[in-house]
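Novice: pasted the sequence and its predicted model underneath.
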Amino acid sequence: MHMNVAPHLLTEDRAEYERVLDDALRNAHAHPDLAGAGTRLSTAQLRAMALNATALITTAAAAEYDHFVKVREQFREQVRATSAVPDAAEVLAAGPGGAGLVAVVTVLAPLLAGTAAVIFLLVGGLLRMLDPVPAFADALLTAGLFFGVVAAAGLLWAGAGLLVTARRNSATEVPAEAPDDELSRAREAWRAALLTRGVLPFLRTALAAAPAPSPAPPPSPGQGPPAGRIPKVGFSGPDFTGPGFGAPEPRSD
């Protein structure tokens, strides 16, 4: 299904989105504006927030994602159409009596013609040795030569058919790990747009909105450290919170 705006990812592209996000978090040290990753907010918190805001982040690269999905669907249609085109042998085999015709032409005809050629040439040669030579000896030799030509032609036809089929399969085969160049470019364009216009701006906004860490006062006896709260960032979209971060627990009396 195609759409002009991609408010969410197709299920098959969810893993790719997570890879882009994980790469950005792994390389956060290379971006000065993400220096707060790990201090203001932990990597786990940022990842959880970004996963909750998937629809919002992916909208920033909607145009590239839409193009990638269309190119991928066209590529799959081409593969399906190419795989569905039968060769001549398949067409004959699918028709009435086609399997028998193909078997006779490709196997039985050269075999029978070769056998007949050997018999006629052998008998004709033996008759030519008699004195007087029978009148039909030359006819047997001629028939043997004819069937020899038929056998050779049948073998050549079968070999040519195998060669054509092999070349056709080689030309239409699509390697599973070597996608079409246009498809690869469309995927990389979406990944780049998703990173630069979606993931990185979201992480910057989340870190900027988070309070700077301050030394926590020593806990009173019998009281654990207060739970933290993930701040609401100024990134327009649905609210999101990281796992394990709720409202502060009330102090016990």
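Specialist: Yes, it's here.

Novice: pretty sure L155 sits against P110.
Specialist: Yes - counting by Cβ atoms under 8 Å, P110 is a contact partner of L155 at 4.9 Å. Just so you know, the C-beta spots here come from the backbone N, C-alpha and C atoms, and that holds for glycine as well.

Novice: what about these two, which has more around it?
Specialist: Set L155 next to P110 and count neighbours by other Cβ atoms under 10 Å: P110 wins out with 20 against 16.

Novice: with adjacent residues omitted, what lies nearest to that one?
Specialist: Distances taken as Cβ to Cβ, 6 or more residues apart in numbering put G154 closest to P110, at 3.3 Å, once the chain neighbours are dropped.

Novice: list the contacts for that neighbour?
Specialist: 105-106, 109-110, 113 (Cβ atoms under 8 Å, 6 or more residues apart in numbering).

Novice: which elements pack onto the host helix or strand of I119?
Specialist: I119 belongs to helix 109-128 when assigned by DSSP states H and E. Counting contacts by 3 or more Cβ pairs under 8 Å, 6 or more residues apart in numbering; DSSP states H and E, helix 109-128 packs against helix 137-172.

Novice: packing partners of the helix or strand following the helix it packs on?
Specialist: Reading on from helix 137-172 to the C-terminus, the next helix or strand found by DSSP H and E is helix 181-194. In this structure, helix 181-194 makes packing contacts with helix 14-26, helix 62-84, judged by 3+ Cβ pairs under 8 Å, 6+ apart.

Novice: any idea how far Q78 lies from V71?
Specialist: Between Q78 and V71 the computed distance is 11 Å (Cβ to Cβ, to the nearest Å).

Novice: give me the more crowded residue out of these two.
Specialist: Under the criterion of other Cβ under 10 Å, the comparison of Q78 against V71 puts V71 first, with 19 against 13.

Novice: with V150 as the reference, measure out to the more buried one.
Specialist: Separation of V71 from V150 (Cβ to Cβ): 52 Å.
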